[in-house]
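Visitor: structural data only, the sequence is not supplied:
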């Protein structure tokens, strides 16, 4: 074996060993936020560790814009997510904090469980992979439509009855 071939072999062997050690040493708890893969441009949302164990965006692609829609504010008892339930039962989950903006103050000021809420903005689908990883969402998706409203692309306003 020539010196050049031997060095190439040795380097390849060392890289293979380093890669396998580094992969086996990392767990999902060790992943820094800077290492999280950003979603596609049409995915405007936060992140969740999938059971798969990939990291997926909770928010899927853009669907349409809405204006002046109304529903009742509610909170998901299992995950604690805020959503607006429309008259036909569809749910619009609120994602007030994303890498694109922070609407927490607006949501805290205007959102109240049980109150009528008017909302407008960009409507996104919930990421199908995320829905499949959350059993109660999988069941809900069989009977109603699940949507997402993502910061900074929505507004809400409490309506006095």
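Guide: Yes, it's here. Source: prediction; values computed, not measured.

Visitor: residue 102: what's it in contact with?
Guide: Applying Cβ atoms under 8 Å, 6 or more residues apart in numbering, we find residue 102 in contact with 96, 151-152. Any C-beta I mention is one placed from the backbone N, CA and C, and that applies to glycine too.

Visitor: put the buried members of the residues you listed into a PyMOL selection.
Guide: PyMOL command restricting the contacts of residue 102 to the buried ones, with burial defined by 16 or more other Cβ atoms under 10 Å:
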select buried, resi 96+151+152
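
Visitor: so of the contacts of residue 102, which ones are in strands?
Guide: Using DSSP state E, no member of the contacts of residue 102 falls in strands.

Visitor: what lines up beside the longest strand along the chain in the sheet?
Guide: Counting residues, the longest strand in the chain under DSSP E turns out to be strand 59-75. Partners of strand 59-75 in the sheet, by DSSP bridges, are strand 82-85 (antiparallel), strand 116-126 (antiparallel).

Visitor: can I get those strands in CSV including distance to residue 138 and mean pLDDT?
Guide: Converted to CSV, these look like this (distance: least, Cβ to Cβ, whole Å; pLDDT from 0 to 100):
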stretch, distance to residue 138, mean pLDDT
strand 82-85, 16, 95
strand 116-126, 11, 95
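
Visitor: ok, which of those comes nearest residue 137?
Guide: Ranking the strands paired with strand 59-75 by their distance to residue 137 (criterion: Cβ to Cβ) puts strand 116-126 first, at 7.2 Å.

Visitor: and the helix or strand just after that closest one, what does it pack onto?
Guide: Toward the C-terminal end, the helix or strand that comes next after strand 116-126 (DSSP states H and E) is helix 128-133. With contacts defined as 3 or more Cβ pairs under 8 Å, 6 or more residues apart in numbering; DSSP states H and E, helix 128-133 has these neighbours: strand 55-57, helix 135-141.

Visitor: lowest-confidence stretch among the ones you listed?
Guide: Lowest mean pLDDT of the helices and strands packed on helix 128-133: strand 55-57, a mean of 69.
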